[in-house]
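> sequence? don't have it. structure:
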């Protein structure tokens, strides 16, 4: 059973996606093309590189995620250090440790650049906040004078996972024409988490709707849902308030109404109250998240068929065509 898969972002909640991948595999699913945002970008990239759901589980169990929060000891001075770092670097943590971690995982499978994968196999999203637009990687790197196939996947993942003010934004230099006449500091484009603009980009593969419905490879979204019921944010000062704002802003995507037209192609995974930036997650919480994804995946694919998808897909396509005619 061949599908295209789109994975939602959600920081540490993304552990649950690995469980859903395992369930999909156990139900005979083969991933054709994959896409993702933020933590979903990591999962999509690992699938594209050849990782299985079981291998992802082993990676999760072996990774102390708090180690991915790297910054100079200078910025660890209570209250002052983090505030100064945000002022100077625009983030609490650099994001370099996360990028290195992902790079090593990909290299273990012989993958480094997008060109190491079949064309169109992997698509990731990020947010260009300088120009106010979403980026689809690697294709949109042409806008920044970078050959898409030569662009490093780990760097793209870092762009997609750069939670605003939590991780440093990724900076890209403008091309000479656009940079002309600008001061040096104004010649850079700032890239942050793709979840800011589209956290479950099912539309990435919708543009490929051609031919008969029976010829279409189904697109399935993997969405993480559930309000944080186990812990409220205690606001102690500006930094804790900032973190609470970021958590709320990003997790709000989890509670957004998914249009009825997309319910037939969305795996909904309860996230058990885990927060987006909960990098100090315990082994028990991690295991529960994985199990939640595993159960949600089984519940979806046990009652799902290509024939049913094609019927719903045809209805959706006709609806979209009617809207285009009315416009």
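On my side now, so go ahead. Since the structure is predicted, the reported quantities are computational estimates derived from the model, not experimental observations.
> contacts, neighbours, all on C-alpha from now
OK.
> any idea how far residue 87 is from residue 14?
29 Å (Cα to Cα, to the nearest Å).
> of the two, who's got more company?
Taking other Cα atoms under 10 Å, residue 87 and residue 14 do not tie; residue 14 has more neighbours (28 against 12).
> surely that one is in a helix?
Yes - checked against DSSP: H, G, I helix; E, B strand; the rest coil, residue 14 lies within a helix.
> contacting residues for it?
With contact set as Cα atoms under 8 Å, 6 or more residues apart in numbering, residue 14 has these partners: 8, 39-40, 43, 224.
> what's the answer for residue 199, then?
8-9, 37-38, 253.
> rewinding a little: farthest-apart pair in the contacts of residue 14, please.
Spatial extent of the contacts of residue 14 (Cα to Cα) is set by the pair 43 and 224 at 13.3 Å.
> make sure residue 120 is indeed in a strand.
No - using three-state DSSP, the assignment for residue 120 is coil, not a strand.
> which secondary structure element contains the spatially closest residue to it that is not a sequence neighbour?
Closest residue in space to residue 120, ignoring its immediate chain neighbours: residue 33 at 7.0 Å, by Cα to Cα, 6 or more residues apart in numbering. Residue 33 belongs to strand 30-37 when assigned by DSSP states H and E.
> partners of that strand in the sheet?
Its sheet considered, strand 30-37 pairs with strand 2-7 (parallel), strand 122-128 (parallel) by DSSP bridges.
> tell me how far the nearest residue to residue 173 once chain neighbours are set aside lies from residue 308.
Sequence neighbours aside, residue 188 is the residue nearest to residue 173 in space, at 4.5 Å (criterion: Cα to Cα, 6+ apart). Here the criterion is Cα to Cα. By it, residue 188 lies 48 Å from residue 308.
> looking at these two, which is more packed in?
Looking at residue 188 and residue 308 with other Cα under 10 Å, you find the greater number of neighbours at residue 188, namely 17 against 11.
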